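[1] Quick one, structure for this:
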Amino acid sequence: MKFSIVIPVYNVEPYLRRCLDSLREQVYENFEVIVVNDGSPDDSQKIIDEFVKEDNRFIGYQKKNGGLSDARNYGVQKATGDYLLFLDGDDYVSSDYLKVMEETIMIDDKPDVIHFGFVLQEDGNEIKKKAPVFSNQIGIQAFQVLSQDSYFVTAWSYAYRRQFWLDHHFQYAEGMYHEDYGLTPYVVLCAEKVSSIADCLYYYLVRSNSIMTSNDTEKLLKKANDTLSQYDWLKEQIMTLQSLNEDEKQYVMSYLTNTLFVKGKDLPKEAFHSFSKELKKREVWKYLMSDTLIRKIKRYLVKHHLHFYIKNLVR
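    Predicted coordinates for the structure are as follows:
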């Protein structure tokens, strides 16, 4: 079993050596590391060159800056392994990262997708996020379990069978924030076999100065609008997905719609009103579940009092 680990690199020089070392120290040795320097202006390339020179499992590529999605898509094109994994250049993995994955693949007879746990690191503190445990669930069953966690959409908490990825022509939307949100749910739903293991194999560094944690007004609005754009694309895919019945489509769309409310909550006043108009235009309340009294009330509030609901009730 061969693994391809794709690492986009942009301005992560202080963290990159630790990231690459964690792969070089893997107890399972049949893998390739595809490091894509996405036009990084720092000295990351020197570190990449060092690893490429010393270990033929590390392969470096340089390209003009195109963003995280573009770098991931580029790396997938270069991959030759049986399974794909994505690793961010400021994160790292446990020494048994690939060994545990290989064992799961063998036991579960090559699932399309494998989910695993991870460790959040912030300000010197660690929070272990163990994943639920199940084997060979179909896409919608896996979605219903995994989507209970707010980190469900992260690209790096999964291994993907490469042929499955290629057969479905999966690609991350380029030039957008929250590109994981725009693809991971669809990938899971398309899978015929999804497995999930509890092991915390990935270490995710929460950086206060990163793009995703920025509170800059312009970036907040772009994050919200990018989420909305990908919501539109996902809705089109979900509604035509033949493997789902109408109730299952409603369940998925309700999850995706609730994500929009969370993204809109922290927008400043003018941006919030603009975003709310877009939600109303799409009549998003139609996609919320209404199978319980509480959900019926929520649907009513979203339809008739959207501003109030988002600002006061979204958790």
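
[2] now E283: how far from V145?
    Distance of E283 to V145, given as CB to CB, to the nearest Å: 29 Å. Where you see a C-beta, it was placed from the backbone N, CA and C, and this is true even at glycine.

[3] Which one's more surrounded, the two?
    Neighbour tally, E283 and V145, criterion other CB atoms under 10 Å: the higher count belongs to V145, 17 against 10.

[4] thought the more buried one was touching V133?
    No - assessed by CB atoms under 8 Å, V145 is found out of contact with V133, at 9.7 Å.

[5] Between the two, which contacts overlap?
    Residues touching both V145 and V133 (CB atoms under 8 Å, 6 or more residues apart in numbering) are S196.

[6] So D42, which state does it fall into?
    coil (DSSP: H, G, I helix; E, B strand; the rest coil).

[7] Report the contact partners of the closest residue to it other than its chain neighbours.
    Computed as CB to CB, 6 or more residues apart in numbering, the closest residue to D42 that is not its neighbour in sequence is E13, at 4.2 Å. Neighbour list for E13: 40, 42-44, 47 [criterion: CB under 8 Å, 6+ apart].

[8] Just the buried ones out of the residues you listed, please.
    40, 44, 47 (16 or more other CB atoms under 10 Å).

[9] For the residues you listed, give me JSON lines that also has pLDDT and distance to L279.
    Output for these, formatted as JSON lines (pLDDT from 0 to 100; distance: CB to CB, whole Å):
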{"residue": "S40", "pLDDT": "96", "distance to L279": "36"}
{"residue": "S44", "pLDDT": "97", "distance to L279": "39"}
{"residue": "I47", "pLDDT": "98", "distance to L279": "44"}
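
[10] Do a quick rundown of the strands in the stretch 151-300 of the chain.
    158-161, 194-205 (DSSP state E, counting those that start in this stretch).

[11] Looking at these, which one is packed in the most?
    The highest mean neighbour count among the strands of the stretch 151-300 of the chain, using mean count of other CB atoms under 10 Å, belongs to strand 158-161: a mean of 25.

[12] So what touches it?
    Contact partners of strand 158-161, identified using CB under 8 Å, 6+ apart, comprise 3, 82-85, 101, 105, 110-116, 184, 187.

[13] So which of the residues you listed belong to strands?
    In strands, defined here by DSSP state E, the members of the contacts of strand 158-161 are 3, 83-85, 113-116.

[14] quick one: which of the residues you listed is nearest K219?
    Set against K219, the nearest of the ones in strands among the contacts of strand 158-161 by CB to CB is L85 (27.8 Å).

[15] Pull out the buried members of the contacts of strand 158-161.
    The neighbour-count criterion (16+ other CB under 10 Å) marks 3, 82-85, 101, 105, 110-116, 184, 187 among the contacts of strand 158-161 as buried.

[16] closest to H307 among those?
    T184 (29.5 Å).

[17] What is the end-to-end distance of stretch 177-185?
    16 Å (CA to CA, to the nearest Å).

[18] Just the residues contacting that stretch, thanks.
    When contacts are defined by CB under 8 Å, 6+ apart, stretch 177-185 is touched by residues 68-69, 72, 143, 147, 152-155, 158, 170-173, 176, 211-212, 219, 222-223, 226-227, 229-230, 233-234, 252, 255-256, 259, 263.

[19] Which residue lies closest in space to K235, excluding its sequence neighbours?
    Excluding the flanking residues, the one nearest K235 by CB to CB, 6+ apart is M253, at 6.5 Å.

[20] Spell out which residues sit in contact with that neighbour, please.
    235, 238, 287.

[21] Next, count neighbours for the last one.
    Okay, so that is Y287. Other residues within reach of Y287, judged by other CB under 10 Å, total 23.
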